[in-house]
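**Student:** need a 3D model of the following:
(2 chains)
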Amino acid sequence: MKRITEINEKGNSEQSIEDSELYLNKIYEPNLRKLLSKCYQCVRCSGVCQLSKVQSFIPSVIIQRILEGSEDKVISSGVLWDCLTCNSCLQNCPEDINFADIVRNAKYKMKNYYKQNPEEFVAHKGIYTTISEILSEPYIQPNKNLDWVPKECKISDKGDILYFVGCIPYFKFEFQEVDPIPISSLKILCQIENRPIVVLKDEVCCGHDLYWGLGNFEAFIKLAKKNYELFEKSGVSTIITSCAEGYRTFKVEYPKLFEDFDKKFEVKHIIEYIYEKLKQGKIELKAPDEGDINIQFTYHDPCRLSRFLPKSNNLLEKLREIFNLLEGLGYSFKEMTHNKENALCCGVSSWMNCNTRSKALRYSRLLEAKEAGTTLVTSCPKCIMHLSCLQKDYDDVFSIEIKDFSEFMVNLIYVIDSKNNGEVKS
Amino acid sequence: MTKAVSKVEKEDFEPYILVFCCNWCSYAGADLAGVSRFQYPPNVRIIRVMCSGRVDPAFVLKALKNRADGVLISGCHIGDCHYISGNEYTRDRFERLYNIIIKQLGVNEKRVKLEWVSASEGKRFAEVITEFTNEIKELGPLRK
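**Tutor:** The predicted structure is shown next:
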């Protein structure tokens, strides 16, 4: 009997290996030269590289070395762990060479074939990436605390619209700044929708940090499968998230793994959602009270919402339109010197490389913000955490108030015709 | 090894348990338990740290990721710390780790524990380990 079970188990495991390889081939390109073949060495990437301003890191030299055939040396030296994957180079590349993608593939190689240990580069001793890795295991079923859900909001586990909370409940361990994000996002959704919003108790991480940071594609695939099953089970058609990284992962990476992800689920950022509702005339923006008029706010564009999205996605234009409307009402919005696609990086991506050099990047970003206004609005929980972490160390930038977009908007929205909506609902 | 563990019945299941002991109290307590020949299950792997305050929450999570079935952190009683307040930090940090991460992670809460054992409590050390091992045995393997 034992032998039979052994054979069965072996068969299953072989099948699952083939299965994961199938998925792996969709997101992993082992031949780095193939990705770089169009490069004609204009060296623009080195000119715009944000990391090169604080550290000797020259993308064009790395690219040239790979093209010349010494890929081995580049990868074994481990220099690519340093890349921020902010994608400034892609923005300025005439041939659209995606350097961040090369780094991502190289990270997988460095980890799996060169046995390099990324642990020294991971911030917070890898606590958050380890959480993602644990969540990816099939025998783990998270049991998230839903005490934060505001009393006036109705939630359910089955329905149409899903609010994807993401990792924020775990970040609470060290960062209290991100607590209001899910609360205010859910408040906005509940106000507008007037029906229960799906918030899942057993929702897992989207896998962004493992995908871009650690090069752990196997765990990413496992997480993606888990998420896909969960979404299917709860019967949702729209996924709304307030997180920049989660949005990009669902929008761009998941359809690579599952062909029908695009058709089955519509992924929206809360910015898109509010914009649509404004256009539909369901909500309106409130004019400021007398005390609020002097508040000057500015917007920090997260890389995942600007440079990382396909060019057809005009999320940032939509956001600027909302801000224009707010300006018309009397709020004062001012752009920072570097904005939209040229925005400076917050210094840390996917929990990698939090050090003095990245702090210098963050400091220069906050100085720009200070010039532009008193309130800094952004849409990425990680940016909020990184920037407000630096604020504790430097007095001159401490006065800036850092807020998430949903936190900023929650009190500026009111719903039109709530009576009619109520009738529709009943 | 993983497969072998997953196949055995619950009664035969021998858990892997990681214990972080502080150098001055708990490790000495473990020593005393050994010298006085108190018996306790051999499922534990003890890692000696200079103070229980050295134990980063990441260590606990990494242990759980790398197939430990339970993690026990053990230090001096509050007020007895060799470094005056190291174990107070541990207590606060562990509370947050337990309430915010472990409870939401989907790992059974009983798998992670904090205990105070002093250098003179050899018997208690053996008891704590036996009790914890039995609890984990009842829960079964983490990796099914």
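
**Student:** show me the shaky parts of the stretch 101-250 of chain A.
**Tutor:** Across the stretch 101-250 of chain A, nothing is flagged by pLDDT under 70.

**Student:** gap between A:S349 and chain B?
**Tutor:** Per CB to the nearest CB, to the nearest Å, A:S349 is found 19 Å from chain B. (Glycine included, C-beta is placed from N, CA and C.)

**Student:** one more: A:T298?
**Tutor:** A:T298 is 32 Å from chain B, by CB to the nearest CB.

**Student:** just checking, what packs against the host helix or strand of that residue?
**Tutor:** If you go by DSSP states H and E, A:T298 is part of strand A:296-300. Under the contact criterion of 3 or more CB pairs under 8 Å, 6 or more residues apart in numbering or on different chains; DSSP states H and E, strand A:296-300 touches strand A:332-333, helix A:356-372, strand A:375-378.

**Student:** with mean neighbour count and distance to chain B added, can I get these in CSV?
**Tutor:** Formatted as CSV, those follow (neighbours: other CB atoms under 10 Å in any protein chain shown; distance: least, CB to the nearest CB, whole Å):
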stretch, mean neighbour count, distance to chain B
strand A:332-333, 17, 35
helix A:356-372, 19, 19
strand A:375-378, 23, 24
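
**Student:** now these in TSV, with distance to A:V415?
**Tutor:** TSV is the format used below for the helices and strands packed on strand A:296-300 (distance: least, CB to CB, whole Å):
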stretch	distance to A:V415
strand A:332-333	23
helix A:356-372	31
strand A:375-378	22
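
**Student:** quick check: which of those is nearest to B:M50?
**Tutor:** helix A:356-372 (27.2 Å; CB to CB).

**Student:** ok now stretch A:389-405, how far from the chain's centre?
**Tutor:** 21 Å (CA atoms, centre = their mean, to the nearest Å).

**Student:** before we move on, what about stretch B:16-31?
**Tutor:** Per CA atoms, centre = their mean, the centroid offset for stretch B:16-31 relative to its chain is 9 Å.

**Student:** only alpha carbons, please: show it as CSV.
**Tutor:** These are the backbone C-alpha positions of stretch B:16-31, laid out as CSV (Å, rounded to 0.1, in the frame of the first residue of the first chain):
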residue,chain,number,x,y,z
TYR,B,16,10.7,20.4,14.6
ILE,B,17,10.7,23.1,17.3
LEU,B,18,13.0,26.0,17.4
VAL,B,19,13.9,27.5,20.8
PHE,B,20,15.6,30.8,21.2
CYS,B,21,17.3,30.9,24.7
CYS,B,22,18.9,33.8,26.3
ASN,B,23,22.4,33.2,27.4
TRP,B,24,22.1,34.2,31.0
CYS,B,25,18.8,32.6,32.2
SER,B,26,17.1,30.2,29.9
TYR,B,27,20.2,28.6,28.4
ALA,B,28,21.6,28.2,31.9
GLY,B,29,18.1,26.8,32.8
ALA,B,30,18.4,24.3,30.0
ASP,B,31,21.9,23.4,31.3
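
**Student:** what about that stretch, near chain A?
**Tutor:** No: applying CB under 8 Å from any CB of the partner chain, one finds stretch B:16-31 separated from chain A by no less than 14.4 Å.

**Student:** return the set of buried residues in that stretch.
**Tutor:** B:16-30 (16 or more other CB atoms under 10 Å in any protein chain shown).

**Student:** got the phi and psi for the most centrally placed residue in chain B?
**Tutor:** Taking CA atoms, centre = their mean, the centroid of chain B lies closest to B:L72, which sits 1.3 Å from it. Dihedral angles of B:L72 (phi, psi; degrees, to the nearest 10) stand at phi -120, psi 130.

**Student:** so it bridges to which residues?
**Tutor:** B:V19, B:K113 (DSSP bridges).

**Student:** tell me who's in contact with the residue of the stretch 251-400 of chain A found nearest chain B.
**Tutor:** In the stretch 251-400 of chain A, the residue that lies nearest chain B is A:W351 (11.4 Å; CB to the nearest CB). Contact analysis of A:W351 by CB atoms under 8 Å, 6 or more residues apart in numbering or on different chains lists A:V122, A:A123, A:H124, A:G126, A:Y128, A:T129, A:D209, A:G213.

**Student:** correct me if wrong, but the fifth one is in a helix.
**Tutor:** Meaning A:Y128. Yes: looking at A:Y128 with DSSP: H, G, I helix; E, B strand; the rest coil, it is inside a helix.

**Student:** tell me the secondary structure for the residue of the stretch 201-350 of chain A found nearest chain B?
**Tutor:** Here the stretch 201-350 of chain A gets closest to chain B at one residue, A:D202, 7.5 Å apart by CB to the nearest CB. On the three-state scheme (three-state DSSP), A:D202 is labelled coil.

**Student:** around A:E317, how many other residues sit close by?
**Tutor:** 10 (other CB atoms under 10 Å in any protein chain shown).

**Student:** that one: helix or strand, and which one exactly?
**Tutor:** Using DSSP H and E, the element containing A:E317 is helix A:315-329.
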